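Visitor: pasting the sequence and the predicted model now:
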Amino acid sequence: MIPDEVRVRFAPSPTGFFHVGSARTALYNWLFARHHGGKFIIRIEDTDRTRYHPEALPDLLAGLRWLGLCWDEGPEVGGDCGPYHQSDRLDLYRHYAEHLVAGGVAYRCYCRPGRLTAMREKQRAAGLSPGYDRHCRHLTSKQVADYEAQGIKPVVRLAIPMAGVTEFDDFLRGHIVVENRQLDDQVILKSNGFPTYHLAVVVDDHLMGITHIMRGDEWLSSVPKRVLLYEAFGWTMPVLAHLPIILDPSGKGKLGKRKKKSADGQQTLIYIHEFRQAGYLPEALVNFLALVGWSYDGQTEFFTRDELVRYFDVSKVSKSPGAFSYDKLDHTNATYIRRLGANDLAGRLLRVLLRAGLAADFSTALRLVPLVRERLKTLDAVVPLVDFFFRQEISYDPAMLVQGKMGRGDTLAALRAAETTLRAIGTFDEEMLEGELRSLAEKLGLKAGQLFGCIRVACTGKKVSPPLFGTLSILGQEVVVRRLHDAVTRFASWAG
RNA sequence: GCCGCAUUCGUCUAGAGGCCCAGGACACCUCCCUCUCAAGGAGGAGAUCGGGGGUUCGAAUCCCCCAUGCGGUACCA
């Protein structure tokens, strides 16, 4: 089952941004390769010139690198089986297509697109399965000469046997049998000289020595055509495993290629660069993605990359599609954030803060870490949580200063007392602050929460903030006193 | 329409004839902790294993039928 050297590939088509569903497929291939000490190859399937998107390839490679899915052969790294762009391998496909035509397994077809659409419409109207009517399968040499004389550029079609069955084994789904009459005489070489997917993939997988193919379920029904090609070439087919697709959070449809709102109106992220920008850790995304469709023991939820490599087993991949749960991703991400070392987290947060235009520095970021670490689902979430540390002015509705069961007079008195107390305090560390403010609350006849809430709003402009004493301590006496003073004046004029 | 694949708590899944009146995780609820929000701790609710037939002493696990969902049916991948 496992040959001397395992070679797997991830073969995306550069038609759009790197999608999280593709990323999972890439991940499984990568894990499989690493698990078996084999090679992970990237091949770019750019045979559809009409759907080609120039930003797709850079986005893909950046995404793979971000996720840590390094490849052994492929774009930018080269390898012995190149080129790794199908558009650079056109001669190869033509050669093999020609070989098939010569062997009678394929034939040239001169039908024009108009005739084909009309034919399909008629078939559909008649309640038949649409399919090529094999008009050109047995042309006389005179007919061919006529078409050629008219300058029609032919396509090459695979001549599917008229009867019998094609069978194959899928590592996950078992033995599958399809009747040949269900199969169409698929185009394998387009009139522009480009191959279609079916030919290119077979030729490349063979030439590149691919031993195992793991790809999305949507390809399962095209396998018989490939079996026929392998047979025609006399090549042995790699081991196939068709992976279940990833569904959107509702579990109803495929996680879309396009950005759309989920049922609850939340923005859903689907491209890898979006997860990156939103502050997900690549290691968390990898951990999460590994578990959509695969499980180790049904118990373990967190795996280091090495553990993933060690434990990954394709035979334990689920057969049924799974919904993408953003809640679970957030949970995984939050857990990874909590486990990060302080310096590491500080560095990552610093980048986010700077990107948000806040004048942060590393040492402040490091001091912030213990205050925010347990409160972040994503790195970006740090911005609204701590922005007040880096702003000169904060703004808020003075009404927020009034805490539950407090009147305006109480509030004003509390703010004034807090200002006085904190102005007079000697050391501005957490312990001292807590002691002073607790006794102040007592003196004022307030619950600790009431006083603290009041100060919180005055100093952060928010009802929710990191723990108060740590926050005040980092803010520093000068800023805290100033903000309390501002609060007193603002509140006085607002309460009028 | 035709063909193929799939179907265990809302979601991700464990489960490969008795260990399962189905286990874990997310989400949800309650309580504890508590300066807010989190995190953490302790509990709770939630699946007659899509439905119906078999096989068997015994089925979520094997077989058949049906239903539903998804995918394919392109000079797209």
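Guide: Yep, it's here.
Visitor: which parts of the helix or strand harbouring A:L412 are buried?
Guide: Assigned by DSSP states H and E, A:L412 belongs to helix A:408-424. The neighbour-count criterion (16 or more other CB atoms under 10 Å) identifies A:408, A:410-419, A:421-422 as the buried residues of helix A:408-424. C-betas here are computed from N, CA, C, even on glycine.
Visitor: packing partners for it?
Guide: Contact analysis of helix A:408-424 by 3 or more CB pairs under 8 Å, 6 or more residues apart in numbering; DSSP states H and E lists helix A:430-444, helix A:448-460, helix A:477-495 as its packing neighbours.
Visitor: and the strand or helix carrying A:A365, what's buried?
Guide: In this structure, A:A365 sits in helix A:362-372 according to DSSP H and E. Neighbour counts using 16+ other CB under 10 Å place A:364-366, A:368-369, A:371-372 of helix A:362-372 among the buried residues.
Visitor: what's the following helix or strand after that helix?
Guide: The helix or strand immediately downstream of helix A:362-372 is helix A:382-386, counting by DSSP H and E.
Visitor: so which elements touch that following helix?
Guide: helix A:342-355, helix A:362-372.
Visitor: would you reformat those helices as CSV and include distance to A:V201 and mean pLDDT?
Guide: Formatted as CSV, the entries for the helices and strands packed on helix A:382-386 read as follows, by distance: least, CB to CB, whole Å; pLDDT from 0 to 100:
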stretch, distance to A:V201, mean pLDDT
helix A:342-355, 39, 97
helix A:362-372, 48, 97
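Visitor: nearest to RNA strand B, out of those helices?
Guide: If you check each of the helices and strands packed on helix A:382-386 against RNA strand B by CB to the nearest atom of the strand, helix A:362-372 wins as the nearest, at 8.1 Å.
Visitor: other residues contacting the closest one?
Guide: The list of residues contacting helix A:362-372 from outside it, by CB atoms under 8 Å, 6 or more residues apart in numbering, reads A:342-343, A:345-347, A:349-350, A:353, A:382, A:385-386, A:389, A:466-467, A:470-471, A:474.
Visitor: same check on stretch A:161-173?
Guide: Against stretch A:161-173 from outside (CB under 8 Å, 6+ apart): A:175-181, A:183, A:220, A:223-224, A:227-228, A:237, A:239-243, A:314-315, A:317, A:319.
Visitor: pLDDT below threshold where in the stretch 251-400 of chain A?
Guide: Of all residues in the stretch 251-400 of chain A, those with pLDDT under 70 make up the ranges A:256-267.
Visitor: quick one: the helices in it?
Guide: For the stretch 251-400 of chain A, helices defined by DSSP state H, counting those that start in this stretch occupy the ranges A:272-277, A:282-290, A:305-311, A:326-339, A:342-355, A:362-372, A:382-386.
Visitor: residues near A:S325, how many?
Guide: Under the neighbour criterion other CB atoms under 10 Å, A:S325 is assigned a count of 15.
Visitor: contact partners for it?
Guide: For A:S325, the residues meeting the contact criterion (CB under 8 Å, 6+ apart) are A:P249.
Visitor: RNA strand B versus that one, what's the distance?
Guide: Using CB to the nearest atom of the strand, to the nearest Å, one gets 4 Å for the distance from A:S325 to RNA strand B.
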